[in-house]
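Visitor: What follows is a predicted structure for the sequence shown.
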Amino acid sequence: MDDKSLIDIALKQAKKTINIGLMVMIFCLFWFVQNQFYPNIFSPSPEVVSLDSTQALPDESMMFELDSTTIENGIHMPTGLIVDDGVQEVMTTCGACHSLDLVTQNRATEEGWKDIIVWMQETQGLWDLGDREKIIITYLGKNYAPENTGRRKNLDVVEWYNL
Amino acid sequence: MSKKESRRRFIGKSAMATLAALVGSKVVFAENFPDELEPVGLESNQQDEGIPGKSNQLKILNSKPWNAETPPHLLDYEVTPSHLMFVRNNGIPPADVDVQNWTLTIDGESVDKPMTFGIKELMNDFDHYSYNLTLECGGNGRSEFNPPAKGNQWSLGGVACTKWTGVRLKDVLNKVGIKDNAVYIGYYGADVHLSGDPDKVVISRGVPIKKALEDETLIAWAMNDKAIPVMNGYPLRLVCGGWPASVSGKWLTRISVRDREHDGPKMGGQSYRVPKFPVPPGTKVPDDQMKIIESMPVKSMITYPKTGAVIPKGGSFEVRGSAWAGDLKVSKMEISIDFGVSWTKCDLKDPVNRLAWQRWSTKVKLPEFGYYEIWARATDEKGIAQPMILPGWNPKGYLNNASHRIAVRQA
């Protein structure tokens, strides 16, 4: 066996090792991405539970109170709002005129939410929100951001039944 | 407990709570707005009680103002029962309606002389007509828009076809006398703006004079042979079938005959308007590039079976529904069980009268075990059919007449 074929073998061996290493790295990356961003990609999609802000309230004076009795799984149950910085401002400002269903059923970017506020100010008598505006828009843009739903969603069957 | 709270509690919990209290605006706003931004609690109670006069099976989109849609399988009728007709309010319906003293004023630049009628006068002075009229919210189907469009996220059930009884608007306008320069009518109603400002008009829309003078355009006091439900315009409503339901003014108090396009709230800007030309999804369209929506597009709905049906092996079943096409008639109705690869023609009934929806039906047998979708497609008398996906994206999410789909399984 001459030097050249030895070098060839060594090169082949090295390539193999690099390939295996790459594969392991790609797999790890895939695993990471899947867990990080699509944790349920291989599991059947769970039944969609829609948030229902129409549920009865324990006490309507608590409608806008934020405490352990009104919050479940990060949702303020009386209003259906996601609990995050700014939720109190959104509740008391938006909820002064219309139900918060109008917030929770909508999705928009910060720019889109700003447009909605401007429209309400121009046509619906909404007042100047002052410092609150930034807090509100940040909250809405973060928690009620648009999702790309494509041209048409899959059908969502809530319940199968025998005909 | 503050006085206000205790009063709310009383209103909410009292079994004697009157309709007026339930729909009333004064209780809610007088004290709360705008000095105190204390949130309003009454709405939650209203929800517990449901929407006055409406089935609790309606899907509530918004409790203030009330907006609720009808699940498709509950629209399985030629004439939609009153308690199942959708609710689309922009403001708060008037409380304490006094039918005896309710008046309708006809005024505007293009009347010879304004006139005012009581409901009894309307009933006594003019011939009565009844029509089944399809009313569909312009934003029905908005929930499918991508990027999303703001507003109540209607899915399918912002539509109904009920029997309306009243007098023809054209008979009343003839009596009042309108000038040759009349181009539009605009309505005004007695609902109260969400801000509580009694002088702020909630919504005032209308139609070109040609549509106003059609036989089927009514000033109606009855729906399905009874008083109009509070949420749908009691005691008087302008009804123009086939157009966005927002032109059919509820709690009607005034109709202005205009010498120009009507310019009331929600006529201009982006409201009930679509771009003059097709735009890519997400485009910001300036107001002057938008046009008013007139006739609604061709559309259909599967009202039986309800989505999610599991069909016994080898069984066949009926599929049926309704179809409508704005000012036009539906001339063909088809369904597909193979994602649009092939289409089967359905039996399609004539409308009871112009602007009424049409019932259709067919028998379906699924070929083998598995998952299927039934898609419905109507074609109007001009040969225009429904699209399978969301048609022309527009900023406010109007006119989605994409094919209705239901999911079924063969066991």
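Guide: Yes, it's here.

Visitor: Please make it C-alpha for all contacts and neighbour counts, starting now.
Guide: Fine.

Visitor: would you list every one of the helices in the chain?
Guide: Went with chain A since none was named. All helices of chain A, identified by DSSP state H, fall at A:3-37, A:87-94, A:101-104, A:110-123, A:132-143.

Visitor: meant chain B actually
Guide: B:3-13, B:19-23, B:26-29, B:42-49, B:119-125, B:169-176, B:209-212.

Visitor: Confidence-wise, which of these is weakest overall?
Guide: When the helices of chain B are compared by mean pLDDT, helix B:26-29 comes last with a mean of 30.

Visitor: A:Leu81 reaches A:Thr104, doesn't it?
Guide: Yes: with contact defined as CA atoms under 8 Å, A:Leu81 reaches A:Thr104; the gap is 6.4 Å.

Visitor: okay, these two: which has more neighbours?
Guide: Between A:Leu81 and A:Thr104, A:Leu81 has the larger neighbour count (other CA atoms under 10 Å in any protein chain shown), namely 23 against 19.

Visitor: where in chain A is pLDDT low?
Guide: In the predicted model of chain A, residues A:1-3, A:27-62 satisfy pLDDT under 70.

Visitor: For B:Asp180, the count of nearby residues, please.
Guide: Neighbours of B:Asp180 (other CA under 10 Å): 9.

Visitor: Excluding chain neighbours, what is closest to it?
Guide: B:Ser110 (7.6 Å; CA to CA, 6 or more residues apart in numbering or on different chains).

Visitor: which ones are touching the residue most central in space within chain A?
Guide: Closest residue to the average C-alpha location of chain A: A:Asn143 at 6.5 Å, with CA atoms, centre = their mean. Contacts here follow CA atoms under 8 Å, 6 or more residues apart in numbering or on different chains; on that basis A:Asn143 touches A:Ile82.

Visitor: Beta-bridge partners for A:Ile161, please?
Guide: For residue A:161 the amino acid is Tyr, not Ile. Bridge pairing for A:Tyr161 (DSSP bridges) gives the partners B:Ala309.

Visitor: close enough to count as contact, it and B:Pro312?
Guide: No: under the criterion of CA under 8 Å, A:Tyr161 makes no contact with B:Pro312, lying 10.8 Å away.

Visitor: Mind pulling up the pLDDT for whichever residue of the stretch 51-200 of chain B sits closest to chain A?
Guide: Closest contact between the stretch 51-200 of chain B and chain A, by CA to the nearest CA, is at B:Lys64 (4.8 Å). With respect to pLDDT, B:Lys64 scores 91.

Visitor: again, but for B:Gly196
Guide: The model reports B:Gly196 with a pLDDT of 88.

Visitor: How many residues are close by it?
Guide: So B:Gly196, with other CA under 10 Å, has 21 neighbours.

Visitor: what residues does the stretch 151-300 of chain B put near chain A?
Guide: Within the stretch 151-300 of chain B, the residues that sit near chain A (CA under 8 Å from any CA of the partner chain) are B:Gly151, B:Asn152, B:Gln153, B:Leu194, B:Ser195.

Visitor: tell me the domain boundaries of chain A?
Guide: Structural domains assigned to chain A are A:1-40, A:60-143, following automatic domain parsing.

Visitor: Of those domains, which is nearest B:Val247?
Guide: Across the domains of chain A, B:Val247 has its closest neighbour in domain A:60-143 (18.8 Å, CA to CA).

Visitor: Now do that closest one: distance to the chain's middle.
Guide: Centroid separation for domain A:60-143 versus its chain: 16 Å, with CA atoms, centre = their mean, to the nearest Å.

Visitor: And stretch B:77-87, by the same measure?
Guide: 11 Å.

Visitor: is any part of it close to chain A?
Guide: No: using CA under 8 Å from any CA, stretch B:77-87 stays clear of chain A, with a minimum separation of 14.8 Å.
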